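Only the shape, not the letters, is given here:
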């Protein structure tokens, strides 16, 4: 059996009981190390699971899936992924490959940011499509996310914006010279994300995002409990002016509040507001929310 | 501490290790018994968790939240919910109430249908808003879901349609007479859902749903493994003509495939097609998918 097992969002204890039982019965266990990050190190997972983990980076999951799947028709092999297995396309690729090799598969689900983001107080059924925001460079500023956000904004839906992470990236020079030297990991901060959003708005000028009139909620380390989780709400400019440290450790995500927002959603997220008065004021005047 | 703990989708082993530890330390544990159903009985959960569970029905969670929260500032109390805690609005209500009573809270996340639906092969970031479909009666056919689906269809997004369940409902007569006699539980089937969709399409005639040209995927008991999980894909009329039993046990959900569908998504879901040839044909001709 080939298992893909979601680890959830925070640490070694977020695996499900079913997932833990499967891990303990496997002869090889791979830990996918690029699509996202847990808040703990590999060693702590290994100790808790009682298994050695083989790190599977992007190259390995995409290019060496047959090695991962080796003998999985005769013994149990698992690929552990942060969040839920269906957060990333690569996992459907490897499941398709297993299917073509006649290897039985089982997916063990877990929480992912796509449902856990409900912790910010916005209702999940009021979210439109999810958007990813990548690091801009001097020469490359992909802005298709703007069209997706516009589609959601036009319908009054909330948008979950996933912020870029760069893990095991090579510099252009090292890439060109074929040197397998990797840069330290980078995680987009909330102010960086807001800056990029506002930059594209000022270029495109469709009026969907406004520094002072668009409400948003920054979430970090969702599921990490009081020690780790941070939720901060405010206008885009309030979030931009906030110290990056105030948002907690990465990973960060940003939710752009849609116009169909319900007063109860505003009330709930007000608890996390940088400026509660202004949060309510913008909700009433710009979003047309009838608050008590 | 007041915990809200997601149980995941299938049975007693879908709770996370963190969730199980919390349950074991609680002096009272409530099991929410209406927003959704697990695939196992209360007794099996009690045996596995080593705790007696108090059933909390809709009335209790909505009207007697103070009883659930009683003494949670001094001891640990948990409310167990199927899926993830933020799937339903009532949970933000009780969290707000706890907050106002100065009771510390912790949410323990888990998988919900909103992310686990990725098992059908469609990418989660291609989904628009989620829609609920309620049982029609002779006199009450609420059709606002149609506008939501239309918004998604117009953008080419997939739509997750959650099908109604009726648990602990009273007949009109018993309700009128104040008799607390409840009807047996009812779960909307896939053919019932398709029939309702097509009925509203024929009334509204916006051309967003077509029996022969709209592709959809029925999922049931997601996360239940080979024994329980069923995924069936086809046109709306193929799904409608299928025996209800072929879709497996409830709960069922239906995914309407959007026009932005990627060929790899079609390839993956083809495995589950009632008629693979026709699945590919409609994807190519109607959806404009370039398949190999």
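Arrived safely. If you're wondering where the values come from, they're calculated on a predicted model, not measured in any experiment.

okay, CA-based contacts and neighbour counts for the rest of this
Noted.

residues in the stretch 101-250 of chain A within reach of chain B, list them.
The interface of the stretch 101-250 of chain A toward chain B, taken as C-alpha under 8 Å from any C-alpha of the partner chain, is made up of A:106-112, A:114-116, A:118-119, A:121, A:123-131, A:151, A:155, A:157, A:223, A:225-226.

Take those and keep only those in strands.
The strands, defined by DSSP state E, take in A:106, A:107, A:108, A:131 from these.

Got a quick ChimeraX command for the buried subset of the residues you listed?
With 16 or more other C-alpha atoms under 10 Å in any protein chain shown as the criterion, this ChimeraX line picks the buried residues out of those:
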select /A:106,107,108,131
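
Could you dump the ones in strands among the residues of the stretch 101-250 of chain A next to chain B into TSV and include pLDDT?
Listed next are those as TSV, based on pLDDT from 0 to 100:
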residue	pLDDT
A:106	94
A:107	94
A:108	96
A:131	95
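
Following the longest helix along chain A in sequence, what is the next regular element?
Ordering each helix of chain A by length in residues (DSSP state H) puts helix A:190-204 first. Downstream of helix A:190-204, the first helix or strand assigned by DSSP states H and E is strand A:215-220.

so what does that following strand touch, helix or strand wise?
Packing contacts for strand A:215-220, counted by 3 or more C-alpha pairs under 8 Å, 6 or more residues apart in numbering or on different chains; DSSP states H and E, involve strand A:230-235, helix A:236-241, strand A:252-256, helix A:276-285.

what comes up buried for stretch A:266-281?
A:266-274, A:278-281.

I'd like to know which of those is nearest to chain B.
residue A:268 (6.9 Å; C-alpha to the nearest C-alpha).

which residues does residue A:5 contact?
Taking C-alpha atoms under 8 Å, 6 or more residues apart in numbering or on different chains as the criterion, residue A:5 is in contact with A:19, A:78, A:79, A:80, A:81, A:84, A:85, A:107, A:108, A:109, A:110.

Report how many residues lie close to the closest residue to residue A:196 other than its chain neighbours.
The shortest distance from residue A:196 to any residue other than its chain neighbours is 7.5 Å, reached at residue A:136 (C-alpha to C-alpha, 6 or more residues apart in numbering or on different chains). Here the number of neighbours of residue A:136 (other C-alpha atoms under 10 Å in any protein chain shown) works out to 14.

measure residue A:136 to residue A:162 for me?
Using C-alpha to C-alpha, to the nearest Å, we find residue A:136 at a distance of 14 Å from residue A:162.

low pLDDT regions in the stretch 1-150 of chain A?
For the stretch 1-150 of chain A, the stretches with pLDDT under 70 are A:34-39, A:88-89.

Show me the strands in it, by range?
Ranges of strands in the stretch 1-150 of chain A, per DSSP state E, counting those that start in this stretch, are A:2-6, A:28-32, A:54-56, A:77-81, A:105-108, A:131-133.

May I see those arranged in a markdown table, with distance to residue A:206 as well?
A markdown table is the format used below for those (distance: least, C-alpha to C-alpha, whole Å):
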| stretch | distance to residue A:206 |
| --- | --- |
| strand A:2-6 | 39 |
| strand A:28-32 | 39 |
| strand A:54-56 | 42 |
| strand A:77-81 | 38 |
| strand A:105-108 | 42 |
| strand A:131-133 | 18 |
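
about what we covered before: present the ones in strands among the residues of the stretch 101-250 of chain A next to chain B as a markdown table; the columns should include distance to residue A:202.
Listed next are those as a markdown table, based on distance: C-alpha to C-alpha, whole Å:
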| residue | distance to residue A:202 |
| --- | --- |
| A:106 | 47 |
| A:107 | 43 |
| A:108 | 43 |
| A:131 | 19 |
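
neighbours around the spatially closest residue to residue A:152 that is not a sequence neighbour, how many?
Nearest non-adjacent residue to residue A:152, counting by C-alpha to C-alpha, 6+ apart: residue A:128, 5.5 Å away. Neighbours of residue A:128 under the rule other C-alpha under 10 Å: 28.

Likewise for residue A:290?
Neighbours of residue A:290 (other C-alpha under 10 Å): 12.

Shouldn't it be within a strand?
No: Residue A:290 is assigned coil when assessed by DSSP: H, G, I helix; E, B strand; the rest coil, not a strand.

which residues touch it?
Per C-alpha under 8 Å, 6+ apart, neighbours of residue A:290: A:263, A:284.

Give me the distance between it and chain B.
Distance of residue A:290 to chain B, given as C-alpha to the nearest C-alpha, to the nearest Å: 18 Å.

Now do the same for that residue: its pLDDT.
At residue A:290, the model reports a pLDDT of 92.

Report the residue ranges of every domain in chain A.
Following the TED database, one finds the domains of chain A at A:2-111, A:114-287.

start to end distance for the last one?
With C-alpha to C-alpha as the measure, domain A:114-287 spans 24 Å from end to end.

Please state the offset of that domain from the chain centre?
Relative to its parent chain, domain A:114-287 has a centroid offset of 11 Å by C-alpha atoms, centre = their mean, to the nearest Å.

just stretch A:74-82 next, same as before
22 Å.

Find the residue closest to residue A:122 in space, skipping its chain neighbours.
In this structure, residue A:122 finds its nearest non-sequential neighbour in residue A:265, 5.2 Å apart by C-alpha to C-alpha, 6+ apart.

looking at it, that neighbour is touching residue A:121, isn't it?
Yes: using C-alpha atoms under 8 Å, residue A:265 is in contact with residue A:121, at 5.4 Å.

out of the two, which sits in the more crowded spot?
Set residue A:265 next to residue A:121 and count neighbours by other C-alpha under 10 Å: residue A:121 wins out with 25 against 16.

dump the residue contacts of residue A:215.
Counting by C-alpha under 8 Å, 6+ apart, residue A:215 touches A:233, A:234, A:235, A:236, A:256, A:257, A:279, A:282, A:283.

if you set the cut-off to 10 Å instead, what comes out?
A:209, A:233-239, A:255-259, A:266, A:279, A:282-283, A:286-287 (C-alpha atoms under 10 Å, 6 or more residues apart in numbering or on different chains).

re the thing from before, quick check: the residue nearest to residue A:196 touching residue A:142?
Yes: the pair residue A:136 and residue A:142 passes the contact test of C-alpha atoms under 10 Å, sitting 7.3 Å apart.

picking that back up, I'd like to know which of the contacts of residue A:5 is nearest to chain B.
Once C-alpha to the nearest C-alpha is applied, the member of the contacts of residue A:5 that ends up nearest chain B is residue A:110, at 4.2 Å.

Run through the residues that contact the nearest residue to that closest one once chain neighbours are set aside.
Distances taken as C-alpha to C-alpha, 6+ apart put residue B:111 closest to residue A:110, at 4.2 Å, once the chain neighbours are dropped. By C-alpha under 10 Å, 6+ apart, the residues touching residue B:111 are A:6, A:8, A:16, A:83-84, A:108-112, A:114-116, B:6-10, B:14-16, B:82-85, B:117, B:223.

quick one: the helices in the stretch 51-200 of chain A?
Under the criterion DSSP state H, counting those that start in this stretch, helices of the stretch 51-200 of chain A are mapped to A:58-63, A:65-69, A:89-100, A:113-116, A:144-155, A:172-176, A:190-204.

any idea which of those helices is most buried?
helix A:113-116 (a mean of 24; mean count of other C-alpha atoms under 10 Å in any protein chain shown).
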